[in-house]
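Engineer: Structure of the sequence below:
(one chain, ligands or ions: 1)
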Amino acid sequence: MDKLIIKGRVVLNGEVSVSGAKNAVLPMLCASVMASNSSVTLKNIPHLHDVTTTVRLLRQMGVSVTLDDNMDIQLDPSTIDNFYAPYNLVKTMRSSILVLGPLLSKFGSAKVSLPGGCAIGTRPVEMHLDALSQMGASINIDNGYISASSKKLIGTDIRFPKITVTGTENILMASTLAEGKTIISNAAREPEVVDLANFLNKMGASITGQGTDVIEINGVEELRGVSYTALPDRIETGTFLVAAAITGGHVTVKNTISAHVNTIIEKLRDSGAHVTTTETSVTLDMKGKRPVSVDIETGAYPLFPTDMQAQLTALNTVAKGISIIKENIFENRFMHVQEMTRMGADIRLEQNCAIISGKEELVGASVMATDLRASASLILAGLAATGTTEIERIYHIDRGYDCIEEKLRQLGADIHRVPM
Ligand code: EPZ
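Structural biologist: Residues are numbered from 1 along each chain as shown. Below you'll find the predicted structure:
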């Protein structure tokens with residue numbers, strides 16, 4: 001078990017490149033099992049625990065997976081010999097549920113452990129299962145496992161009662177090889193969903209409407225292996241922009257897609273940052289100023305992303321004025337608040353809102369990461385705090401950020417990983 005040691009109050013300056021998007025790569029790895037007698041090559045893959053866990057899961061199914069030295073991944077599903085996603089793997093990464101749609105659609109069978117909850121919420125998957133049942137799958141749940149089977153999925157009209165990202169992705173993947181047309185209404189519009197749809201279309205699927213709330217899929221006979229480069233990570237992009245803002249610095253984030261972070265840029269401009277963009281980069285210059293408090297309300301894309309809520313909470317703890325952060329997606333996504341309070345932050349929780357009274361400074365302390373984005377927000381608070389911050393349980397951070405301390409050191413941060 002490692003921990004991160006941060007000496008705060010260092011102004012960040014310079015350039016940093018982001019890695020591929022975890023939440024695009026994970027469904028693409030799962031979709032690769034649907035390729036017939038040819039292999040899939042995925043590029044721009046981030047070095048993340050969630051990626052290696054998904055690779056382990058696919059290898060356990062018999063898929064041959066090789067990684068070359070620049071981390072491009074080759075997958076050959078022709079050797080797959082079982083359709084089983086065991087609890088010991090799924091419990092460490094609930095997005096393993098994304099193998100369900102592909103296995104059911106391609107092989108007509110899947111046994112996947114129920115993912116269970118995590119720190120940010122109960123994370124149910126009933127919308128995934130209801131939708132697959134509407135497509136003709138028979139679904140049983142016993143002993144904590146989903147057992148699903150179907151001779152051939154039948155395309156139909158699916159309307160999600162709530163927007164669900166991986167629910168949309170599971171049905172999107174399942175529909176590509178189903179009989180006939182599927183229409184997904186109230187679909188998720190995240191860029192990662194669009195990237196998955198574009199990847200599937202390159203494999204020979206017939207998908208239109210991705211990026212809108214109605215996606216149409218005409219089932220095809222088979223999908224073939226292709227080479228595809230995943231889009232850059234918009235949440236990593238936003239996290240580095242907040243790192244610049246919270247330290248009063250001047251940072252350019254490269255190899256990203258600025259159009260995917262519009263709501264984040266808007267909020268950072270409201271906090272007093274000067275932000276300029278090109279198509280593939282975003283430059284934030286805080287000019288040494290203390291940020292101004294900004295109110296945040298999370299929602300499904302293109303609204304403000306819940307995965308950036310903890311990071312903006314950190315910024316508001318040292319901003320001028322009072323702010324209200326409203327979390328509309330997950331029921332327990334304020335685990336970072338009690339840790340920031342240990343650093344002197346003034347935050348009051350009321351139902352799904354955090355009311356923050358910005359302080360001139362935070363003071364470094366020993367804190368504990370609880371989930372992926374909360375750990376990123378504690379790093380940001382540590383960068384701004386006076387003195388030293390030690391962050392424990394950083395395996396959470398390694399699930400979703402590729403070499404974050406190296407990238408922050410590139411910008412001048414005094415941050416190191418030490419064994420506990
Ligand atoms: C995806 O999770 C992301 N994970 C999450 O990123 C992200 O926070 C979330 O979407 C929201 O944008 C991946 O893409 C791997 P949802 P997902 O289904 O799909 C409820 C990160 O930090 N719901 O869109 O699991 C659910 O409880 C992670 O990278 C049901 O009630 O989220 C939540 O309240 C964290 N029943 C809301 O819907 C269901 O069947 C949205 O969840 C499914 C979801």
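Engineer: C-alpha only now, for contacts and for neighbours.
Structural biologist: OK.
Engineer: Residues of this protein that sit close to the ligand?
Structural biologist: Among all residues of the chain, those adjacent to the ligand (criterion: Cα under 6 Å from any ligand atom) are 23, 95, 123-128, 163-167, 306-307, 329-330, 372-373.
Engineer: ok, 5 Å please
Structural biologist: The chain comes close to the ligand at residues 23, 95, 123-127, 164-166, 329-330, as judged by Cα under 5 Å from any ligand atom.
Engineer: between the residues you listed, which has the most around it?
Structural biologist: Within these, most neighbours by other Cα atoms under 10 Å means residue 23, with 25 neighbours.
Engineer: Widest-spaced pair of the residues of the chain next to the ligand?
Structural biologist: Comparing every pair within these by Cα to Cα identifies 23 and 126 as the most remote, at 20.2 Å.
Engineer: And residue 380, how close does it get to residue 14?
Structural biologist: Computed with Cα to Cα, to the nearest Å, the distance linking residue 380 and residue 14 is 17 Å.
Engineer: and residue 247, what is it in contact with?
Structural biologist: Residue 247 is in contact with 9-12, 288, 383-384, counting by Cα atoms under 8 Å, 6 or more residues apart in numbering.
Engineer: Using a markdown table, lay out those residues together with pLDDT and secondary structure.
Structural biologist: As requested, those are arranged in a markdown table below (pLDDT from 0 to 100; DSSP: H, G, I helix; E, B strand; the rest coil):
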| residue | pLDDT | secondary structure |
| --- | --- | --- |
| 9 | 97 | coil |
| 10 | 97 | coil |
| 11 | 98 | coil |
| 12 | 98 | coil |
| 288 | 97 | coil |
| 383 | 98 | helix |
| 384 | 98 | helix |
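Engineer: Just the buried residues of those.
Structural biologist: Neighbour-count burial (16 or more other Cα atoms under 10 Å) applied to these gives 9-12, 383-384.
Engineer: and residue 148, helix, strand or coil?
Structural biologist: At residue 148, secondary structure determined by DSSP: H, G, I helix; E, B strand; the rest coil is strand.
Engineer: so how far is the first residue of stretch 396-416 from its last?
Structural biologist: For stretch 396-416, the end-to-end distance is 16 Å (Cα to Cα).
Engineer: now stretch 155-162
Structural biologist: End-to-end distance for stretch 155-162, by Cα to Cα: 20 Å.
Engineer: what separates it from the chain centre, distance-wise?
Structural biologist: Stretch 155-162 has its C-alpha centroid displaced from the chain centroid by 23 Å (Cα atoms, centre = their mean, to the nearest Å).
Engineer: pLDDT score for residue 119?
Structural biologist: Per-residue confidence (pLDDT) for residue 119: 77.
Engineer: residues in contact with it?
Structural biologist: Going by Cα under 8 Å, 6+ apart, residue 119 touches 332-333, 335, 370-371.
Engineer: pLDDT below threshold where in the stretch 251-400 of the chain?
Structural biologist: For the stretch 251-400 of the chain, no stretch has pLDDT under 70.
Engineer: Show me the strands in it, by range?
Structural biologist: Using DSSP state E, counting those that start in this stretch, the strands of the stretch 251-400 of the chain run over 274-278, 281-285, 296-297, 322-326, 346-350, 353-357, 366-368, 388-392.
Engineer: Save those as CSV, and put in mean neighbour count too.
Structural biologist: Output for the strands of the stretch 251-400 of the chain, formatted as CSV (neighbours: other Cα atoms under 10 Å):
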stretch, mean neighbour count
strand 274-278, 15
strand 281-285, 23
strand 296-297, 20
strand 322-326, 20
strand 346-350, 16
strand 353-357, 20
strand 366-368, 20
strand 388-392, 21
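Engineer: Please tabulate those strands in JSON lines and include distance to residue 196 as additional columns.
Structural biologist: As requested, the strands of the stretch 251-400 of the chain are arranged in JSON lines below (distance: least, Cα to Cα, whole Å):
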{"stretch": "strand 274-278", "distance to residue 196": "24"}
{"stretch": "strand 281-285", "distance to residue 196": "22"}
{"stretch": "strand 296-297", "distance to residue 196": "27"}
{"stretch": "strand 322-326", "distance to residue 196": "29"}
{"stretch": "strand 346-350", "distance to residue 196": "36"}
{"stretch": "strand 353-357", "distance to residue 196": "32"}
{"stretch": "strand 366-368", "distance to residue 196": "34"}
{"stretch": "strand 388-392", "distance to residue 196": "34"}
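Engineer: before we move on, what SS does the residue lying closest to residue 122 once chain neighbours are set aside have?
Structural biologist: Leaving out its chain neighbours, the residue that sits closest to residue 122 by Cα to Cα, 6 or more residues apart in numbering is residue 116, at 6.8 Å. Per three-state DSSP, the local secondary structure of residue 116 is coil.
Engineer: So residue 116 versus residue 142, what's the distance?
Structural biologist: Distance of residue 116 to residue 142, computed by Cα to Cα: 14 Å.
Engineer: Over to residue 355?
Structural biologist: Applying Cα to Cα, one obtains 42 Å for the distance of residue 355 from residue 142.
Engineer: and what of residue 294?
Structural biologist: In this structure, residue 294 lies at 46 Å from residue 142, with Cα to Cα as the measure.
Engineer: Neighbour count for the two, which is higher?
Structural biologist: Taking neighbours as other Cα under 10 Å, residue 294 and residue 142 compare with residue 294 leading, 23 against 9.
Engineer: which of the buried ones among the contacts of residue 247 sit farthest apart?
Structural biologist: Using Cα to Cα, the buried ones among the contacts of residue 247 reach their maximum pairwise distance at 12 and 384, which is 10.2 Å.
Engineer: could you pull out the helices for the stretch 251-400 of the chain?
Structural biologist: If you assign secondary structure with DSSP state H, counting those that start in this stretch, the helices in the stretch 251-400 of the chain sit at 262-270, 309-317, 335-341, 372-384, 395-400.
Engineer: what packs against the longest one?
Structural biologist: Counting contacts by 3 or more Cα pairs under 8 Å, 6 or more residues apart in numbering; DSSP states H and E, helix 372-384 is packed against strand 2-7, helix 234-246, helix 309-317, helix 335-341, strand 388-392, helix 395-400.
Engineer: Distance to residue 67 for those - can I get that in a markdown table?
Structural biologist: Listed next are the helices and strands packed on helix 372-384 as a markdown table, based on distance: least, Cα to Cα, whole Å:
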| stretch | distance to residue 67 |
| --- | --- |
| strand 2-7 | 25 |
| helix 234-246 | 23 |
| helix 309-317 | 32 |
| helix 335-341 | 35 |
| strand 388-392 | 30 |
| helix 395-400 | 18 |
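Engineer: just checking, which of the residues of the chain next to the ligand belong to strands?
Structural biologist: Using DSSP state E, no member of those sits in strands.
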